[in-house]
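Peer 1: what would the 3D arrangement of this be:
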Amino acid sequence: MKLEEYITQSGEIILYNGNPDFEKLEELSKGAGDIWHSSFEQGYKNAFPELVYQTAVFFWYLNDFDDLDQCVSWRVNPNAFAVRKSVWEIARGFDLDYENIQMQALDFGFQCIRFLGGVPLYVKDLFAYTEKEKVIISCRDRHLFFRKNYKTTHAIFMIYRLGFWKISEWKSLLQAKKKCHKRNFTVKIPVRELHKIKGNPSISYIIPTMFREEYTLQLLDDLSLQNYKPSQVVVVDATPKRDRQETVYQQKKYPFELKVIWQQSKGSCRARNQAIALCTGEYIVFGDDDIRIPADFIENHIRFLQTYNVGACNGLDIRADYHRQDLNDLQNKLIKLYRSQLIAGSAHMFSNANSCVKRELVDQLVGNDVNFDGGYGEDSDFGMSLIKIGVTVLANPFSVNLHLKPPSGGYRFWGTQAKIIGKKRKSQPWELDTPVKSVRPVPSPTIMYGIIKHYSPQQLIEYKYKHFSYYLFTGSKLVFFYRLLRLPYKNAQFKKSVFYAQKLMNLGIRHQ
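Peer 2: Model (predicted):
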């Protein structure tokens, strides 16, 4: 493919095909994007839906987003796109093993977002409207894509879902295995050198906690030693009154405003929403109570967001080997990990243990959806809710925490009741007016709620097939027949999870 060159005012070379708006392209080059296109109006929106057979519902960018002028999307139109020359060269351009240039472009965009640490963006009207194309991907190219990017088991699962009897599918699978191997992505898009902080942005830091006052005090000390200090820290402590020490947070004077809320309601989502209502900073940093952070933690969050010109990022969460490790242990871990972990790009997850978001964006969402209280999935829901309003959420490898994971305490204290059946069970918030009886819902109803909330009914079906395939075919082969016999009960558990998730859907998004 012969691409034209555009040189930005900063001297960077942008390659392009088609007729872009150069004034817009100049401005876009100053932001986080690496690839830009306007493919939604050109027939590429939600192209290649077969990706669901690999990723099920565990990829934020499986579906393209609606009614946005700009958002993350890997579905590139080969006839109208622009890309940083450095990124084009790292990815080695389009892969000519594919017979269809449309598949070459889709594979290029997918490689960048999934494996190389790139940021592909849809930008409305960047390219003048062209004739709407029909995207047709052959069986051969589809299997080449799966072969190059994933294990063979995913291609076999795809054949199972499309029809085991289809000879053309098996033939394409065997041809793909002969033609190529799974890619090894050893070279990634380099992270940018961080700029110094511009201005004097104010920071609010939120810590929800329960039965972990010792760890919260330890984190407050880490915050006191930050190179760039927060202006405000909000602690929401849900420790029951009979177990709490009312004066525990008043024993020391901190170099920031400390607000303490003794939580009366249940759930970490409600806790964060209570804290958000009190935040005054331009940025909000979300943190768990059981982490340790180095002195450059907050500074690097702000430098990163300003360097990439975005409003939200997810930091690097390092799991401790045991809960008494400290910042020296973190440094030792980083020496081993940093070379492989130093990658930015579009985030594929969001963690309330380590993230930073402009307060105006948090206010736009109002806060966390409290339907997730008592279960799991609230982090991912918050991150995905950001990208669905057009926010580019990036992975930030410079703001690192050590996650201690103590054996007790925390908001999962309430969630442990979800595994109990019978009279000793305490009801969870997601049970609403229908307490769990003999069948415990699996997966967690809040996880299921997030799937129904963000994905299509057909994608929920594909998730169900994936869920049961993993149940049957992973683990010891000696107990395969036992798992087979338990399938009816597992199906009842799945249906019960959908039942509770649907009741939450009927309530709608709630913030209190």
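
Peer 1: neighbours around residue 76, how many?
Peer 2: 29 (other C-beta atoms under 10 Å). (C-beta placed from N, C-alpha, C; glycine too.)

Peer 1: ugh, wrong one, residue 479
Peer 2: Residue 479 is flanked by 11 other residues according to other C-beta under 10 Å.

Peer 1: gap between it and residue 472?
Peer 2: Residue 479 is 11 Å from residue 472, where distance means C-beta to C-beta, to the nearest Å.

Peer 1: quick one, phi psi at residue 135?
Peer 2: Phi and psi for residue 135, reported as degrees, to the nearest 10, are phi -90, psi 120.

Peer 1: give me the pLDDT value at the closest residue to it other than its chain neighbours.
Peer 2: Once flanking residues are discounted, residue 135 sits nearest to residue 47: 4.3 Å by C-beta to C-beta, 6 or more residues apart in numbering. As predicted, residue 47 sits at a pLDDT of 98.

Peer 1: give me the three-state assignment for residue 47.
Peer 2: Three-state assignment for residue 47 (DSSP: H, G, I helix; E, B strand; the rest coil): coil.

Peer 1: and the strands in the stretch 301-450 of the chain?
Peer 2: With strands called from DSSP state E, counting those that start in this stretch, the stretch 301-450 of the chain shows them at 312-319, 354-358, 393-403.

Peer 1: so the longest one versus strand 312-319, what angle?
Peer 2: Here the directions of strand 393-403 and strand 312-319 differ by 30 degrees (axes from the mean of the first three to the mean of the last three C-alpha atoms, to 10 degrees).

Peer 1: just checking, what packs against strand 393-403?
Peer 2: Taking 3 or more C-beta pairs under 8 Å, 6 or more residues apart in numbering; DSSP states H and E as contact, the helices and strands that strand 393-403 lies on are strand 291-292, helix 297-308, strand 312-319, helix 327-341, strand 354-358, helix 378-388.

Peer 1: and the ones you listed as TSV, adding distance to residue 365, mean neighbour count and mean pLDDT?
Peer 2: Listed next are the helices and strands packed on strand 393-403 as TSV, based on distance: least, C-beta to C-beta, whole Å; neighbours: other C-beta atoms under 10 Å; pLDDT from 0 to 100:
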stretch	distance to residue 365	mean neighbour count	mean pLDDT
strand 291-292	23	24	96
helix 297-308	17	22	98
strand 312-319	11	21	96
helix 327-341	28	13	82
strand 354-358	9	24	98
helix 378-388	5	21	96
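
Peer 1: out of the ones you listed, nearest to residue 165?
Peer 2: Residue 165 lies closest to helix 378-388 among these, at 36.8 Å (C-beta to C-beta).

Peer 1: now what about the closest one, what contacts it?
Peer 2: Here helix 378-388 makes contact (C-beta atoms under 8 Å, 6 or more residues apart in numbering) with 60-61, 65, 71-72, 268-269, 312, 314, 347, 349-353, 355, 357, 361, 365, 368-369, 372, 393, 446, 450, 453-454.

Peer 1: just checking, the residue nearest to residue 135 touches residue 77?
Peer 2: No. The pair residue 47 and residue 77 does not pass the contact test of C-beta atoms under 8 Å, sitting 9.3 Å apart.

Peer 1: looking only at neighbour counts, state which of these two leads.
Peer 2: When residue 47 and residue 77 are compared for neighbours, residue 77 comes out ahead with 26 against 22, by other C-beta under 10 Å.

Peer 1: mind listing what that one touches?
Peer 2: 18, 37, 38, 39, 42, 43, 44, 105, 127, 133.

Peer 1: ok, now which ones touch the residue nearest to the first one when sequence neighbours are not counted?
Peer 2: It refers to residue 18. Of all residues not flanking residue 18 in the chain, residue 80 sits nearest, at 3.5 Å (C-beta to C-beta, 6+ apart). By C-beta under 8 Å, 6+ apart, residue 80 lies in contact with 17, 18, 19, 20, 37, 38, 39, 42, 127, 130.

Peer 1: so of these, which ones are in strands?
Peer 2: If you go by DSSP state E, the contacts of residue 80 have 17, 37 in strands.

Peer 1: as TSV, the contacts of residue 80 with pLDDT would be great.
Peer 2: Formatted as TSV, the contacts of residue 80 follow (pLDDT from 0 to 100):
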residue	pLDDT
17	97
18	95
19	95
20	97
37	98
38	97
39	96
42	95
127	95
130	72
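
Peer 1: now rank the contacts of residue 80 by neighbours and give me the top one.
Peer 2: The most crowded member of the contacts of residue 80, judged by other C-beta under 10 Å, is residue 37 (31 neighbours).

Peer 1: ok, back up a step: distance to residue 410 for the strands of the stretch 301-450 of the chain - can I get that in CSV?
Peer 2: Converted to CSV, these look like this (distance: least, C-beta to C-beta, whole Å):
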stretch, distance to residue 410
strand 312-319, 15
strand 354-358, 15
strand 393-403, 11
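
Peer 1: ok, which of those strands comes nearest residue 88?
Peer 2: That would be strand 393-403 among the strands of the stretch 301-450 of the chain, by C-beta to C-beta, at 20.3 Å.

Peer 1: now the closest one: average pLDDT?
Peer 2: On average, the pLDDT along strand 393-403 is 97.

Peer 1: gap between it and the chain center?
Peer 2: With C-alpha atoms, centre = their mean, to the nearest Å as the basis, strand 393-403 stands 13 Å off its chain's centre.

Peer 1: and for residue 134, the neighbour number?
Peer 2: 7.

Peer 1: now do the one 10 residues further on
Peer 2: The tally of other residues near residue 144 (other C-beta under 10 Å) stands at 24.

Peer 1: likewise for residue 470?
Peer 2: Neighbours of residue 470 under the rule other C-beta under 10 Å: 12.

Peer 1: and if you look at residue 407?
Peer 2: With neighbours defined by other C-beta under 10 Å, the count for residue 407 comes to 6.

Peer 1: which ones are touching it?
Peer 2: Residue 407 makes contacts with residue 323, as judged by C-beta under 8 Å, 6+ apart.

Peer 1: what does the pLDDT read for it?
Peer 2: 85.

Peer 1: same check, this time on the one 10 residues further on
Peer 2: If you check residue 417, the pLDDT there is 60.

Peer 1: can I take it that residue 498 is in a helix?
Peer 2: Yes. Assignment of residue 498 by three-state DSSP places it within a helix.

Peer 1: can you tell me the closest non-neighbouring residue to it?
Peer 2: Spatial nearest neighbour of residue 498, excluding adjacent residues (C-beta to C-beta, 6+ apart): residue 448 at 5.9 Å.

Peer 1: isn't the one you found up against residue 500?
Peer 2: Yes. Residue 448 lies in contact with residue 500 (C-beta under 8 Å); the separation is 7.3 Å.

Peer 1: which residues do the two both contact?
Peer 2: Joint contacts of residue 448 and residue 500 (C-beta under 8 Å, 6+ apart) are residue 441.

Peer 1: so where's the stretch 351-500 of the chain shaky on pLDDT?
Peer 2: For the stretch 351-500 of the chain, the stretches flagged by pLDDT under 70 are 411-420.

Peer 1: residue 448 and residue 500: who's more crowded?
Peer 2: Neighbours were counted for residue 448 and for residue 500 using other C-beta under 10 Å; residue 448 has more, 27 against 22.

Peer 1: if I look at that one, how far off is residue 267?
Peer 2: Distance of residue 448 to residue 267, given as C-beta to C-beta: 17 Å.

Peer 1: next: residue 477.
Peer 2: 40 Å.

Peer 1: quick one, what contacts the residue nearest the centre of the chain?
Peer 2: Closest residue to the average C-alpha location of the chain: residue 349 at 1.8 Å, with C-alpha atoms, centre = their mean. Residue 349 makes contacts with 314, 379, 380, 383, as judged by C-beta under 8 Å, 6+ apart.

Peer 1: so which of the contacts of residue 77 comes closest to residue 484?
Peer 2: Nearest to residue 484 among these: residue 44, at 41.8 Å, using C-beta to C-beta.

Peer 1: neighbours around the nearest residue to that closest one once chain neighbours are set aside, how many?
Peer 2: Excluding its sequence neighbours, the residue lying closest to residue 44 (C-beta to C-beta, 6+ apart) is residue 75, at 4.6 Å. Per other C-beta under 10 Å, the neighbour tally for residue 75 reads 24.
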